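# here's a sequence, model it:
(chains A, B, C and D)
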Number of protein chains: 2
Amino acid sequence: MTDMTFTRIQCDSCPIRHRAVCARCDDDELALLEAIKYYRSFEPGQTIVWSGDQMDFLGSVVEGIATLNQTMEDGRTQMVGLLLPSDFVGRPGRGTAAYDTVAATKLTMCCFRRAPFEELMVRTPHIAQRLLEMTLDELDAAREWMLLLGRKTAREKIASLLVIIARRNSTGTKATPTDGAHFDLPLTREATADYLGLTLETVSRQISALKRDGVIVLEGKRGITVPDFHRLIEETGDDTDGGVLV
Amino acid sequence: MTDMTFTRIQCDSCPIRHRAVCARCDDDELALLEAIKYYRSFEPGQTIVWSGDQMDFLGSVVEGIATLNQTMEDGRTQMVGLLLPSDFVGRPGRGTAAYDTVAATKLTMCCFRRAPFEELMVRTPHIAQRLLEMTLDELDAAREWMLLLGRKTAREKIASLLVIIARRNSTGTKATPTDGAHFDLPLTREATADYLGLTLETVSRQISALKRDGVIVLEGKRGITVPDFHRLIEETGDDTDGGVLV
DNA sequence: GCCGTCCGTTGATTTCGATCAAGGTTACGA
DNA sequence: TCGTAACCTTGATCGAAATCAACGGACGGC
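Okay, the predicted model is just below:
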């Protein structure tokens, strides 16, 4: 299989085409994007970019999960971004990474070389408009995350994370999964702790507590089944009257 | 003074023109913006928009301070946005507010009616590009805030907030104020607590502690002088090697 | 098979910030 | 001038999560 064929095969299912920058591109523009596009793979735990490094590409997650992390001098770490398939990575107009970008699982990214992408963006207004929409969505997610970090209890934090993962896993954005939903927690206890602003011991204890109380069922270390999804949502502390907003 | 005159006078010093959406507008476009623009004033404590309400305008803060707040069912509140003069409010493409927007001080906003503004945005690509830049800046700020909420101690949180306020107060973005910098904390202890994910008692205690340790000097309840700015920065827990990034 | 490493769990104890409670100060209106 | 309400401070105590510590299971290499 040649590189070219590989690229085309990926492209058919590439979320870029469907949910990200090219959502409204015509064929000519898509051809230009194809020309500056390439794929990269990473292993779990591998750091893609270090904070402060030059970052000569932008891109989207095709498969797997990446995280953005901020670390203080003394080692305290806070995750500030969780990138699932179709999420965009990198900031147009700035070539320097502000955060460590780390592969949490086996990861495939679809990258665009920075300079030609930014050129294309200037010539193609709806790319900036689409990126604006995506960035506003990310800002909303960040603000919900801030409520979680600042005001929720450890138990509510865990429940909230499970709901977020379950929702992104089920088809359709923001869909409420059916009862009995099953999914894998894609993060280690430590990464989960960094997401939630907790220690890994507290994460472990609270997951055990939710299991003990029958809110979730564990299969192995990572597999999770939710017998009653509404019950889990109640544990998050969020408004239960459904996500009308966002 | 007629309304029209008032508008024009404000416009000369209106941050909209200089730092927000019209940064690169030509005269025709500016004239269009003028036509759909109006000013609104609010008193401290007044809620501008409630979460879930219809929001038929977008705009910028001209003078004073507004906050975005998220509240849980049981009353726990987290501030998720602090809007200083020149900051943009509202989300193009969504007419429903996601957060409570509250005036923290006497406040003047410059508003654009939603429908014509969004029309103008479609016709004028660099407005979307400018808004994208601003939104990315806000996202960066939100992520720094997440580190603060998730991993910093109460003392570090207070110090970080003081640095943020002092920097925005001094001329030039991200400038490091001179030693002896003096400014007013524009938030009540309660609003400060909602910003930092603390209780108002803890805020009060930590401010007293920083005063006791000579890091800051208080003048009245809100006035603050920083004798040694570098000393304050050390208290934030952030990298001391200066904001090379952002 | 055995060893070492990584990941996760659980227990004992400590600690930081929350909570409960009491006053103090300032501003403003009657 | 006094009274009151909003805002702030400080003290005593409590509790949730951090920290310190030990252990167990899964996996991979030798």
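# longest helix in chain A, please.
When every helix of chain A is counted residue by residue (DSSP state H), the longest turns out to be helix A:125-151.
# relative to the whole chain's centre, how far out is that one?
Averaging C-alpha positions (Cα atoms, centre = their mean, to the nearest Å) puts helix A:125-151 12 Å from its chain's average.
# cool, stretch A:47-63 as well?
14 Å.
# do stretch A:83-91 as well
Taking Cα atoms, centre = their mean, the mean C-alpha location of stretch A:83-91 is offset from the chain mean by 7 Å.
# and what of stretch A:218-230?
Between the mean C-alpha location of stretch A:218-230 and the chain-wide mean there is a distance of 20 Å, by Cα atoms, centre = their mean.
# outside of that stretch, which residues touch it?
Contacts made with stretch A:218-230 from outside it, assessed by Cβ atoms under 8 Å, 6 or more residues apart in numbering or on different chains, are listed as A:162, A:166, A:176-186, A:207, A:211, A:214-217, A:232, A:240. Yep, even glycine has a C-beta here, placed from its N, CA and C like the rest.
# same check, this time on stretch A:108-124
With Cβ under 8 Å, 6+ apart as the contact definition, stretch A:108-124 has outside contacts at A:10, A:14, A:16, A:25, A:29, A:32-33, A:35-42, A:48, A:55-64, A:66, A:89-90, A:92-93, A:95, A:127-128, A:131, B:129.
# got the end-to-end distance for that stretch?
Between the opening and closing residues of stretch A:108-124 there is a gap of 26 Å (Cα to Cα, to the nearest Å).
# and for stretch A:40-57?
Comparing the first residue of stretch A:40-57 with its last one, the separation is 11 Å (Cα to Cα).
# mind checking if it is in reach of DNA strand D?
No. Contact check for stretch A:40-57 against DNA strand D, using Cβ under 7 Å from any atom of the strand: none in range, with a minimum separation of 11.4 Å.
# quick one, helices of chain A?
With DSSP H as the criterion, chain A has helices at A:3-13, A:15-19, A:27-35, A:114-123, A:125-151, A:154-169, A:189-196, A:200-212, A:229-235.
# now do the first one, average pLDDT.
Rounded to a whole number, the mean pLDDT of helix A:3-13 is 34.
# then the last one?
Taken as a whole, helix A:229-235 has a mean pLDDT of 95.
# buried residues in it?
For helix A:229-235, the neighbour count (16 or more other Cβ atoms under 10 Å in any protein chain shown) marks A:229, A:231-233, A:235 as buried.
# same question for the fifth one.
Within helix A:125-151, the residues scored as buried using 16+ other Cβ under 10 Å are A:125-136, A:138-151.
# please name every helix or strand in contact with it.
The criterion is 3 or more Cβ pairs under 8 Å, 6 or more residues apart in numbering or on different chains; DSSP states H and E, and the helices and strands that helix A:125-151 contacts are helix A:114-123, helix A:154-169, strand B:66-71, strand B:77-83, helix B:125-151.
# can I see the domain layout of chain A?
Recorded structural domains for chain A (assignment: automatic domain parsing) are A:3-137, A:152-235.
# now render those as TSV, adding distance to B:Lys221.
Supplementary listing: the domains of chain A in TSV, determined by distance: least, Cβ to Cβ, whole Å:
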stretch	distance to B:Lys221
domain A:3-137	31
domain A:152-235	30
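# now the weakest link among the ones you listed, please, by mean pLDDT.
Taking the average pLDDT of each of these, the minimum falls on domain A:3-137, with a mean of 82.
# how about it, does it reach DNA strand C?
Yes. For domain A:3-137, a contact with DNA strand C is found by Cβ under 7 Å from any atom of the strand, at A:Gly45.
# one more: stretch A:141-149?
No. Using Cβ under 7 Å from any atom of the strand, no contact is recorded between stretch A:141-149 and DNA strand C, whose separation bottoms out at 11.9 Å.
# follow-up on the earlier one: will you turn the helices of chain A into TSV that also has distance to DNA strand D?
Supplementary listing: the helices of chain A in TSV, determined by distance: least, Cβ to the nearest atom of the strand, whole Å:
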stretch	distance to DNA strand D
helix A:3-13	26
helix A:15-19	28
helix A:27-35	36
helix A:114-123	36
helix A:125-151	10
helix A:154-169	4
helix A:189-196	7
helix A:200-212	3
helix A:229-235	12
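# out of those, nearest to B:Ile158?
Closest approach to B:Ile158 among the helices of chain A is made by helix A:125-151 (14.3 Å; Cβ to Cβ).
# just the angle between that closest one and strand B:66-71, please?
Taking axes from the mean of the first three to the mean of the last three Cα atoms, to 10 degrees, one finds that helix A:125-151 is oriented at 60 degrees with respect to strand B:66-71.
# check the gap between the residue nearest to the spatial centre of chain A and A:Pro125 for me.
Nearest to the mean C-alpha position of chain A, counting by Cα atoms, centre = their mean, stands A:Leu83 at 2.1 Å. When distances are taken as Cβ to Cβ, to the nearest Å, A:Leu83 and A:Pro125 turn out to be 25 Å apart.
# what of A:Met55?
Distance of A:Met55 to A:Pro125, given as Cβ to Cβ: 24 Å.
# then A:Arg167?
A:Arg167 sits 31 Å away from A:Pro125, taking Cβ to Cβ as the criterion.
# same question, A:Leu132
Spatial separation of A:Leu132 from A:Pro125 under the definition Cβ to Cβ is 11 Å.
# next: A:Ala154.
Note on A:Ala154: its distance to A:Pro125, by Cβ to Cβ, is 45 Å.
# what does A:Thr77 give?
A:Thr77 sits at a distance of 38 Å from A:Pro125 (criterion: Cβ to Cβ).
# ditto for A:Arg40
28 Å.
# A:Val62 now?
Relative to A:Pro125, A:Val62 is positioned 26 Å away (Cβ to Cβ).
# coming back round to it: could you redo the helices and strands packed on helix A:125-151 as a markdown table and give each row distance to B:Pro116?
As requested, the helices and strands packed on helix A:125-151 are exported to a markdown table (distance: least, Cβ to Cβ, whole Å):
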| stretch | distance to B:Pro116 |
| --- | --- |
| helix A:114-123 | 25 |
| helix A:154-169 | 35 |
| strand B:66-71 | 23 |
| strand B:77-83 | 23 |
| helix B:125-151 | 12 |
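# for the ones you listed, which one sits closest to B:Asp100?
strand B:66-71 (4.6 Å).
# can the closest one be said to contact DNA strand D?
No. Contact between strand B:66-71 and DNA strand D is absent, the nearest approach being 13.5 Å (criterion: Cβ under 7 Å from any atom of the strand).
# can you name every helix or strand that that strand contacts?
Using 3+ Cβ pairs under 8 Å, 6+ apart as the contact criterion, the secondary-structure elements in contact with strand B:66-71 are helix A:125-151, strand B:77-83, strand B:100-103, helix B:189-196.
# and for the third one, what's in contact with it?
The reference is to strand B:100-103. Contacts to strand B:100-103, defined as Cβ under 8 Å, 6+ apart, come from residues B:42-51, B:64-71, B:89.
# narrow those to those that are buried.
Applying a neighbour-count criterion of 16+ other Cβ under 10 Å, the buried members of those are B:42, B:48-49, B:51, B:64-71, B:89.
# of the residues you listed, which is the nearest to chain A?
Of all the buried ones among the contacts of strand B:100-103, B:Gln70 has the smallest distance to chain A: 4.8 Å, by Cβ to the nearest Cβ.
# what's the closest non-adjacent residue to that closest one?
With Cβ to Cβ, 6 or more residues apart in numbering or on different chains as the measure, A:Leu147 is the residue that lies nearest to B:Gln70, at 4.8 Å, once sequence neighbours are left out.
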